[in-house]
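Colleague: Build the 3D model from these lines:
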Amino acid sequence: MGELSIYRSYDPDQLDNLLSNYLVDSWSYSKLNQFSRNEKAFEMIHIYGQRSKSSASSVSGNAYHFALDRYFTAWHEEVRFDIADLEKFAFEYIDERPAYIWKIQKTSPTVEDCMKKATTVSATLLRNFFGELSTYEDQIAEVLYVEIYCDEFLSINGVDIPLPCHAKIDLVIRTHDNRVVIIDHKSKAAFSDEQAIKLAIGVQAMTYVSCFEAKTGEVVDEVWFIENKTSKNKDGSPQLAKYPVVMDKDTRRLYEAILYEPLKRMISAVSDPDYVYLINDSDNFVDKAELYDFWCKTMIAEVGDFNVSDNKKEMVSKRLKKIRDASLGSINPRIIKEFKKSASDFIQYDLSDKNMTIQEKIEHVLRSFGTIVRVAHQFDGYSSNTYLLEVNAGVKVASIQNHRLDIANQLNVSNVRISKDLTMYDGKSYLSIESSKQRDRDLLFDDSDLVGLKIPIGKDNFGNVIYWDLDNHSTPHALVGGATGSGKSVSIRSTIEFAILAGIRIIILDPKFEFTSYNGVKGVTVFNEILDIENEMKRLVEEMNERVKSKFVEKTLIIFDEFADALDQSRKGKDLEIKDLVQVGFYAPKKMMGMPMPPEPKMVMKTVDTLKSLDENLKILVQKSRSAGYRIMAGTQRASVKIINGDIKANFPLVICFRLPKAVDSQVMLEEPGAESLAGFGDGLLKSPQYMDTVRFQAYYKS
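Modeller: Numbering: from 1, shown residues only. Here you go, the predicted model:
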């Protein structure tokens, strides 16, 4: 291990003061490599936060890494995954990449083509891995760490570096001969030249070793770079190649010296707000047109036009002002804009930087696939915008659905939602496309939106209030789903507030203790403990039966939040048995002083009855309570078929769905995808017999 950096002893205030002098907050081998290869690309990506889109090959490599991380994590726990398991992990990783990250090219001109290519390549990599697993496993006595993240201040070549080094290390093992080895997985189209790689990998190895040793205190003996080649060797030779670096004292000294030189130049550059980052036109790893487009942008744009972190905005803003003042003083802005347009024209199949409206981009991308449409209307919503498309005669609407990801890619959003049915507006039918956006305002709670017993749920992008009508017998019960941060709990809270205003009796079953603030509110009763919830549900069933017999009707709203968790925690089986002492006969009579005594009864503890479970009582209440005036809103974060089963779907005709992690979760809740692409924070979809199509809406927010 090397010497410890003085900066490791700094307190938080000292660190904030230190980092405020630099345009970046950390360095890494990839940043250093980028700076050495092409300074302008380093500036674009790491200072201005303008990242290039990912090619199918790049995503497949990341998917391969993701699957291997899962494999060795399980291996560490003495669980073995097979190739089918790893392919599932890799394919899920690919499916979860948002549309806007894909870089479409001539060989893969649509997002779907990119995904297919990434899937094929990652499958090839995993087959190679399993075919030559001995390259890894023959050496492993113990897996020490999998995907360990390091952020450490280091001393390189005897100099304390004033920025922390960030490193993500794929795998650390202990070999059978007790060596500690760092392993880096690499996916390649062709093996690296052995002589060239010996010069290059030492610097990367030294970076990983320095970071890991500073974080853990453990000494590394070797670093292995294991390349997995996707192209098949015709001679049947191995598809995996291992390049080891032995970390002895002399090797460390050499590579620290080599590492220090470019690192010193990079640190010097990011500490100088006036540093001019040079373009390397010979760099084949970046899109040259994209780089020149960025260069033009820095001369005419404001800091808000870039993805700069908040703590660096002031420094970058000053830098941009100097660049603008210098460039606009010597070059006509019209010339810069014309040059930028020329550069943008060479950025293949990417409309995100074009000087087009969103309507024009939608029309353009569909026209490029032979589909002629016109965006006739645009509506600005809270978390999304709606575009109504006028589709030419002869155009198949299904063909537009097929290009959903391609539209999202060019709008630079994760996904778009295209309606299954046509939308009527001003007496004419249109195809509706919804695109998420960064919300610029909240839909604040407004008691004037309440109409009788029509409980407002939110507003759609056309400005219409979306209601849950408690007097409508076709929508007696509502199911609400959504992941953490989706806005589910806030929406339920607004429903409670509107119901209080409507004068409805409210019972809240709240196993997660999210609505305890309503304790003591007039007309509201809250139950939190699971036993109290079970007893209250039993009482409600009894009350319902009494109402049915007496034909008494009173509107009662039951809020059952996280009902799936409550069902899991509730009593089941033997815990529901009611036991009592039951006489089963008599003991043999005894004699006292020769006289027979009356026989004593023989008593044993037996099950005399069985309580209904919470699940059974909930089913009874949901199925039979509508005519007695009960209305139930049930919430859950878990959108699985086990939770949202056939009984739930049949008895909850109104479904309110906020953002969910995966398309399959949306399919379970709504019987259609879409909830996985919502923006969160109250951006929702509603399916109800009251509305012909699934409605996108923004939920109310009450502070």
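
Colleague: can we go C-alpha only for contacts and neighbour counts from here?
Modeller: OK.

Colleague: Can you tell me how far A628 is from F563?
Modeller: 22 Å (CA to CA, to the nearest Å).

Colleague: what about the two, which has more around it?
Modeller: F563 (24 against 21; other CA atoms under 10 Å).

Colleague: Now do the contacts for that one.
Modeller: Contacts for F563 (CA atoms under 8 Å, 6 or more residues apart in numbering) come out as P511, A634, G635, T636.

Colleague: Turn those residues into CSV, columns for pLDDT, secondary structure and distance to G61.
Modeller: Listed next are the contacts of F563 as CSV, based on pLDDT from 0 to 100; DSSP: H, G, I helix; E, B strand; the rest coil; distance: CA to CA, whole Å:
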residue, pLDDT, secondary structure, distance to G61
P511, 92, coil, 43
A634, 93, strand, 42
G635, 91, strand, 39
T636, 90, strand, 36
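
Colleague: ok, residues contacting stretch 48-68?
Modeller: Residues contacting stretch 48-68 (CA under 8 Å, 6+ apart): 44-45, 86-87, 89-91, 93-94, 100-104, 114-115, 117-119, 121-122, 125-126, 170, 185-187, 306-309, 316.

Colleague: Can you dump the C-alpha atoms of that stretch in CSV for me?
Modeller: What follows is stretch 48-68, C-alpha atoms only, in CSV (Å, rounded to 0.1, in the frame of the first residue of the first chain):
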residue,chain,number,x,y,z
TYR,A,48,-21.1,19.9,-19.1
GLY,A,49,-22.8,16.5,-18.5
GLN,A,50,-23.7,16.0,-22.2
ARG,A,51,-23.4,12.3,-22.6
SER,A,52,-23.5,10.5,-25.9
LYS,A,53,-26.2,8.0,-26.6
SER,A,54,-25.2,4.3,-26.1
SER,A,55,-24.6,2.0,-29.0
ALA,A,56,-26.1,-1.5,-29.0
SER,A,57,-22.6,-2.9,-28.4
SER,A,58,-22.0,-0.7,-25.4
VAL,A,59,-25.4,-1.7,-23.8
SER,A,60,-24.7,-5.4,-24.5
GLY,A,61,-21.3,-5.0,-22.7
ASN,A,62,-23.1,-3.4,-19.7
ALA,A,63,-25.7,-6.1,-19.7
TYR,A,64,-22.9,-8.7,-19.6
HIS,A,65,-21.3,-7.0,-16.7
PHE,A,66,-24.6,-6.8,-14.9
ALA,A,67,-25.2,-10.6,-15.3
LEU,A,68,-21.7,-11.5,-14.2
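
Colleague: Give the rounded mean pLDDT of that stretch.
Modeller: Model confidence over stretch 48-68, given as mean pLDDT, is 92.

Colleague: The nearest residue to E43 once chain neighbours are set aside: what secondary structure?
Modeller: Counting by CA to CA, 6 or more residues apart in numbering, Y277 is the residue found nearest to E43 once chain neighbours are left out, at 6.8 Å. Per DSSP: H, G, I helix; E, B strand; the rest coil, the local secondary structure of Y277 is coil.

Colleague: Repeat that for S627.
Modeller: Under three-state DSSP, S627 comes out as helix.

Colleague: do the same with H185
Modeller: Secondary structure for H185, judged by three-state DSSP, is strand.

Colleague: neighbours around I400, how many?
Modeller: I400, neighbours per other CA under 10 Å, totals 20.

Colleague: V524: neighbour count?
Modeller: Neighbours around V524, by other CA under 10 Å: 18.

Colleague: pLDDT score assigned to it?
Modeller: Confidence score, pLDDT, at V524: 93.

Colleague: for this structure, which spans come out with low pLDDT?
Modeller: 1-3, 195-199, 324, 326-355, 608 (pLDDT under 70).

Colleague: For V180, list each beta-bridge partner.
Modeller: Counting by DSSP bridges, V180 is bridged to R174.

Colleague: Could you give the separation between the terminal residues of stretch 476-495?
Modeller: Terminal residues of stretch 476-495 are spaced 14 Å apart (CA to CA).

Colleague: can you pull out the helices in the stretch 501-650 of the chain?
Modeller: 530-550, 563-569, 614-624, 646-651 (DSSP state H, counting those that start in this stretch).

Colleague: Tell me which residues of the last one come out buried.
Modeller: Buried positions in helix 646-651, judged by neighbour count with 16 or more other CA atoms under 10 Å: I648, N651.

Colleague: Now do the contacts for the residue lying closest to I140 once chain neighbours are set aside.
Modeller: Counting by CA to CA, 6+ apart, I140 lies nearest to T175, which is 4.9 Å off, once chain neighbours are set aside. Going by CA under 8 Å, 6+ apart, T175 touches Q139, I140, A141, E142, V181.

Colleague: Secondary structure of Y7: a helix, I assume?
Modeller: Yes: looking at Y7 with three-state DSSP, it is inside a helix.

Colleague: Confirm for me that it is in contact with P162.
Modeller: Yes: the criterion here is CA atoms under 8 Å, and Y7 meets it with P162 at 6.9 Å.

Colleague: Look at those two and report which has more neighbours.
Modeller: P162 (22 against 19).

Colleague: Next one: the more buried one from D16, what distance?
Modeller: If you measure P162 against D16 using CA to CA, the figure is 12 Å.

Colleague: Same check on I323?
Modeller: From I323 to D16 the distance is 26 Å (CA to CA).

Colleague: How about Y149?
Modeller: Distance from Y149 to D16, by CA to CA: 21 Å.

Colleague: What of I45?
Modeller: Distance of I45 to D16, given as CA to CA: 22 Å.

Colleague: which of the two has more neighbours?
Modeller: I45 (16 against 13).

Colleague: show me what contacts the more buried one?
Modeller: Applying CA under 8 Å, 6+ apart, we find I45 in contact with R51, S52.

Colleague: That one and D287: what is the separation?
Modeller: Using CA to CA, I45 is found at 12 Å from D287.

Colleague: what's the answer for R626, then?
Modeller: 63 Å.

Colleague: In terms of neighbours, single out the busier of these two.
Modeller: Using other CA under 10 Å as the criterion, R626 and D287 rank with R626 on top: 19 against 16.

Colleague: list residues touching both of Y7 and P162?
Modeller: F153.

Colleague: hang on, the earlier thing: ok, so of the contacts of T175, who is nearest G684?
Modeller: E142 (47.3 Å; CA to CA).

Colleague: Quick check: phi and psi on the closest one?
Modeller: Dihedral pair for E142: phi -160, psi 130, per degrees, to the nearest 10.

Colleague: Look up which residues are beta-bridged to it.
Modeller: R174.

Colleague: so it sits right up against D177, yeah?
Modeller: No: using CA under 8 Å, E142 makes no contact with D177, being 11.0 Å away.

Colleague: Pick out whichever of the two has more residues nearby.
Modeller: Comparing E142 with D177 by other CA under 10 Å, the one with more neighbours is E142, at 16 against 9.

Colleague: show me the contacts for that one.
Modeller: By CA under 8 Å, 6+ apart, E142 lies in contact with H76, I173, R174, T175.

Colleague: okay, now the nearest residue to L405 once chain neighbours are set aside: neighbour count?
Modeller: Leaving aside its sequence neighbours, L405 sits nearest to A99 (CA to CA, 6+ apart; 5.5 Å). A99 is flanked by 25 other residues according to other CA under 10 Å.

Colleague: so how many other residues sit close to S268?
Modeller: Other residues near S268 come to 12 when the count uses other CA under 10 Å.

Colleague: hmm, I was thinking of R252
Modeller: By other CA under 10 Å, 21 other residues sit near R252.

Colleague: Make sure it is actually in contact with M206.
Modeller: Yes: contact criterion CA under 8 Å: R252 and M206 qualify, at 6.8 Å.
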